[in-house]
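> this is a predicted model, with the sequence first.
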Amino acid sequence: MTGPQTPPRILRGIPPELRDAAAALYWRHFGAQILPWPAGTARGAALVRAAMRPEGALLALSPSGRLLGIAGLRDAGGGFLDPGQDGFVAVWGPVRGRLRHLATGLYRPGAETADLVLDGIAVWPQWRQQGVARALVEAAAAHARRQGHPALRAEVQAGNRTALAAWRAMGFRPQDRQRLGWPWSAPAHVLRLPL
């Protein structure tokens, strides 16, 4: 499949009609980072759908309105996914949902920062290398400037050489390596793009 012929349209926030597609795409790319145990695609996407803060994302759309990619955003007000137990309860019920939510207490988030953090960028495979991720980063940078953030920040697993190279190609520079995510996760690079 060929990529979009024109640059993607970037939309701040996720309208109701695109929330299922956005949840499926985000889960596909970040499911292993969201939960410490395996979960099926349907339940994982349902969790993302139930926990998403629609205003905490940017979408890349084709001219026809098809979802091409998503970028989660995180600032002092929170991230793309609400860390509370409500999403877990909605998917697994009151008892199992609360127990599963308790396990997420093991997760180590990145340090607080004045930067706007990119809480993950996901692009459907058939639309990769078509400028979608770059368009999302450019839109995030413009949003960050309007909000007074000094930089964009991304966190990339140290072993993910492809993602690290892509971030560096967009001007991000490594700051340091940190132990983020689950206790058994590999160290992550923190990258920053001053604005």
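Alright, I've got the coordinates.

> pLDDT below threshold where in the chain?
1-5 (pLDDT under 70).

> the helices in this structure, which residues?
Using DSSP state H, the helices of the chain run over residues 19-34, 41-51, 86-92, 94-103, 132-147, 161-169.

> format these as JSON lines; extra columns: distance to residue 182.
For glycine as for every other residue, the C-beta is placed from the backbone atoms N, C-alpha and C. JSON lines is the format used below for the helices of the chain (distance: least, C-beta to C-beta, whole Å):
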{"stretch": "helix 19-34", "distance to residue 182": "8"}
{"stretch": "helix 41-51", "distance to residue 182": "16"}
{"stretch": "helix 86-92", "distance to residue 182": "16"}
{"stretch": "helix 94-103", "distance to residue 182": "10"}
{"stretch": "helix 132-147", "distance to residue 182": "25"}
{"stretch": "helix 161-169", "distance to residue 182": "18"}
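
> show me what stretch 16-26 is in contact with.
If you take C-beta atoms under 8 Å, 6 or more residues apart in numbering as the criterion, stretch 16-26 is touched by 14, 41, 45-46, 48-49, 52, 54, 57, 59, 67, 69-70, 72, 80, 120, 122, 124.

> which of those residues fall in strands?
Among those, the residues falling in strands (DSSP state E) are 57, 59, 67, 69-70, 72, 120, 122.

> of those residues, just say which sits nearest to residue 188.
Of all the ones in strands among the contacts of stretch 16-26, residue 120 has the smallest distance to residue 188: 12.0 Å, by C-beta to C-beta.

> show me the contacts for that closest one.
With C-beta under 8 Å, 6+ apart, residue 120 has these contacts: 26, 29-30, 33, 71-72, 80.

> repeat for residue 15
residue 54.

> quick check: phi and psi at it.
Main-chain torsions, residue 15, degrees, to the nearest 10: phi -70, psi 160.

> ok, it to residue 43 distance?
Going from residue 15 to residue 43 by C-beta to C-beta, to the nearest Å gives 24 Å.

> cool, and residue 147?
Taken as C-beta to C-beta, the span from residue 147 to residue 43 is 34 Å.

> and residue 142, by the same measure?
For residue 142, the distance to residue 43 equals 35 Å [C-beta to C-beta].
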